[in-house]
Each structure stands twice: as C-alpha cells, then as structure tokens.
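# quick one, what's the 3D model for this:
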Amino acid sequence: MHSPARRTLLSAGVAASLLPLRSAWAAGPLKIGFVFLGPVGDTGWTYQHDLGRRELEKNLGAQVSVRTVPDTNEGPDSERVARELSADGCQLIFGASFGYMKPMLTVANDNPGVQYLIASGYQTAKNFGGYNARWHEGGYLAGIVAGRTTRSNIIGLVGAHPVPDVMWYLNAFALGARSVNPKAMVHVVFVNSWFDPPKERDAAVALMNQGADVLTHFTDTPAVTTAAEARGVGAISFHSDMRSHAPRNYLTGVTHHWGGFYTRVAHEVMAGSWKPGLYLGGIGDGVVKMAPMGPRVPKDVAELVQAKERDIASGKLQVFAGPIKDQKGAVRVAAGARIADADLGRMDWFAEGVVGGSR
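Numbers count the residues shown, from 1 in each chain. Now for the predicted structure:
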C-alpha cells in the first residue's frame, strides 16, 4: 500500500481555493472517485483517507460529486474499478493504495482526460501523480516517547512489509528512541499484510513475551494497540488516534490528514491548473500530526516532543541527518549529510538499534 513520494506541493491555505469555479468548470460538479483497499471502519489508513474525502466534500460542497468504492483489492480488481469510475464520468480519481499504481496507470493511459493520483505512488504521467506522507517525522517523535517511557529498553514494532515506507518509519522511530535513550532497542516483526488483525495481535504478543514494554506498529488496525492495553504495555498507534482502544496505556500516535491536499487537487483540476507530480506532506504541512499524549507520558517528555516537533516543522531538525549507522555498524549517512526525499524510496536497511527485520 505504501511506497515513496518525493515532492512537496505549495502549502498555501485552502481558504482561497474554496471560491466557486463555475466559469472554469461550467459542465457541472467535478465528479471525483475514491478507491479504498479496505473497509472504512473507525481507525486506520482507509479511515484517515475517508476523513480527507469528507473534508473535501465539506469544503467544496455542490462543486463536487463524490463516489467512494471501498474493499477494492490491488491488481485486476482495482483496474476494473478505475475503468468503471472513468466510464461513469469521474474526472479525478484517487487510489488510496500503493498496489493500485500500475493497474491505474494502465487505465490513465487509456483515459487522458481523467486525472489519477495514487497514495504512496511514485510514478508520474501526463494525467497521473502520487502522494505520500513524511512518516519518519512522526516516527522520530513517537520514538522519543518510547525511549523515555520504556523501562525494559525493549520496544516492539509490528510492521506490515519491509518496504521503504515502513522502513523509514521504523528507522526514524529507532533514531528518536535512541536519541534520548541509547540503550533502547527496537524489535520488529513483519506480518506480511497491511490488514490482518489476528496476525498483528499475534506479533504484538510475541514481542511482549520478549520483554517489550512499549509497542507501536505500521499496520492498518488497532490490533496492536488493544493487545498492548490488555497486557498493561504502553501503546503508540499509527495512522489514527486510537486512545479509545487503550484508555489506560495509550502514549500517543502518529496520524495523517488529507483533507487539505484533496481539496487543493480538486480545486486545481477544476481550474485547469493541476500538474502531475509527487507530493510529500509532513508536520510542517499539517499532513502528519501527533495524537495527544496519554496519561502515562510525563510532562517533561510531552514538552520535549513539542519542542522537537517545532524544530522539524521549521526544518531545524532533519530526521535523517548523519551520522547514521545501520544495524551491522556500517555508516549509511555520513556526518554532515542527510537523506534526500528522492532517496527515501531506496531505503532497504535497518538502523542501528533495530533487532530483527531481515528482508
């Protein structure tokens, strides 16, 4: 579902983009399609993108007509749905899963008058772009919370797949944890699925049995958070604020928000000014946000995270600035250097402090 994207759009306010565009889009409302991998639910990847869809509709009202297709498998199913939406008159289609990229690019080539954007996609064409989030920015901050709250110095992370998006969250999380606690180690287990609550829970239990007293994840459900709550282990959620699933042991979460981006793209398509590219939004853009701190997080830790968050937003703190070593001790980022956005998608190594995670 996730993979790299590399360019940041202008972060101008949405307010000016909400002016009526009847003269530019005289044919009626802009028809927009959203294609989702899983059910919308009340937390997780699809839920966050659906929140963005709702914000888009609230912002643009009668200027848009939106159709949503959930539970669409990657591969031939996504191509079929994209063709149906295109034939139904959609002029803008968002595919919220990396696995939609190649099938929908085929559809885009056959429908030059329709614009397609793929979440976590990295390919572009005349009517085809991608968008993603700077997961590593939130991951670094979440790691600080984990590093300061662990007592065993064993932190567990349940990952979906060892692909670049997950890798840069995992590595940033480890860097953040070890920036405040050099003894902290991040043990990772991959479940080879984006959405599999039983596997996610089993992986969480295995990590807790190894001594992990803080858990986080890069998967789509609250299974890890609820497993942590049941064992009295600190929980750091991913995608959504999952406080309701761990009222006693929730620490914080890394969340993402797409309403502003979806609104801007729709506005640009209506205005005829949209250009294909790759968008990468982070803390400074309001795309990545930290969930509120839970009751177990000390005040000084919360204040430290807030300070580092401001530094990231301003550009003062670069998460992947060197020196950085991998888990085998090799220097991956030299002192004075940093990993450029365009190179995030090539990340295929585990940072120092990560245990497990063989590819």
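
# for stretch 343-351, measure first residue to last.
15 Å (CA to CA, to the nearest Å).

# what about the helices in the stretch 201-350 of the chain?
Assigned helices in the stretch 201-350 of the chain, in chain order: 223-231, 259-271, 299-314 (criterion: DSSP state H, counting those that start in this stretch).

# can you list these in CSV and add mean pLDDT and distance to Ile32?
(C-beta placed from N, C-alpha, C; glycine too.) Shown next, in CSV, are these (pLDDT from 0 to 100; distance: least, CB to CB, whole Å):
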stretch, mean pLDDT, distance to Ile32
helix 223-231, 98, 31
helix 259-271, 98, 6
helix 299-314, 98, 30
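
# so which of those helices comes closest to Lys183?
helix 299-314 (16.5 Å; CB to CB).

# for the closest one, packing partners?
helix 135-149 (3 or more CB pairs under 8 Å, 6 or more residues apart in numbering; DSSP states H and E).

# in a markdown table, list the helices of the stretch 201-350 of the chain along with mean neighbour count and distance to Asp165.
Below are the helices of the stretch 201-350 of the chain laid out as a markdown table (neighbours: other CB atoms under 10 Å; distance: least, CB to CB, whole Å):
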| stretch | mean neighbour count | distance to Asp165 |
| --- | --- | --- |
| helix 223-231 | 23 | 17 |
| helix 259-271 | 22 | 17 |
| helix 299-314 | 15 | 18 |
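
# export these to a markdown table and tack on distance to Leu278?
Formatted as a markdown table, the helices of the stretch 201-350 of the chain follow (distance: least, CB to CB, whole Å):
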| stretch | distance to Leu278 |
| --- | --- |
| helix 223-231 | 30 |
| helix 259-271 | 12 |
| helix 299-314 | 20 |
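
# wait, which of those is closest to Thr106?
Closest to Thr106 of the helices of the stretch 201-350 of the chain is helix 259-271 (CB to CB; 20.7 Å).

# quick one: that closest one to chain centroid distance?
19 Å (CA atoms, centre = their mean, to the nearest Å).

# I'd like the numbering to begin with 56 instead of 1 from here.
Sure, I'll start numbering at 56, so the last one becomes helix 314-326.

# only alpha carbons, please: show it as PDB.
Extracted in PDB, the C-alpha atoms of helix 314-326 (Å, rounded to 0.1, in the frame of the first residue of the first chain):
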ATOM      1  CA  GLY A 314      -8.400  16.900   3.600                       C
ATOM      2  CA  GLY A 315      -6.400  20.000   2.600                       C
ATOM      3  CA  PHE A 316      -4.500  18.100  -0.100                       C
ATOM      4  CA  TYR A 317      -7.600  16.500  -1.600                       C
ATOM      5  CA  THR A 318      -9.300  19.900  -1.600                       C
ATOM      6  CA  ARG A 319      -6.400  21.700  -3.300                       C
ATOM      7  CA  VAL A 320      -6.100  19.000  -6.000                       C
ATOM      8  CA  ALA A 321      -9.800  19.100  -6.800                       C
ATOM      9  CA  HIS A 322      -9.700  22.900  -7.000                       C
ATOM     10  CA  GLU A 323      -6.700  22.800  -9.300                       C
ATOM     11  CA  VAL A 324      -8.400  20.200 -11.600                       C
ATOM     12  CA  MET A 325     -11.500  22.500 -11.800                       C
ATOM     13  CA  ALA A 326      -9.300  25.500 -12.500                       C
END
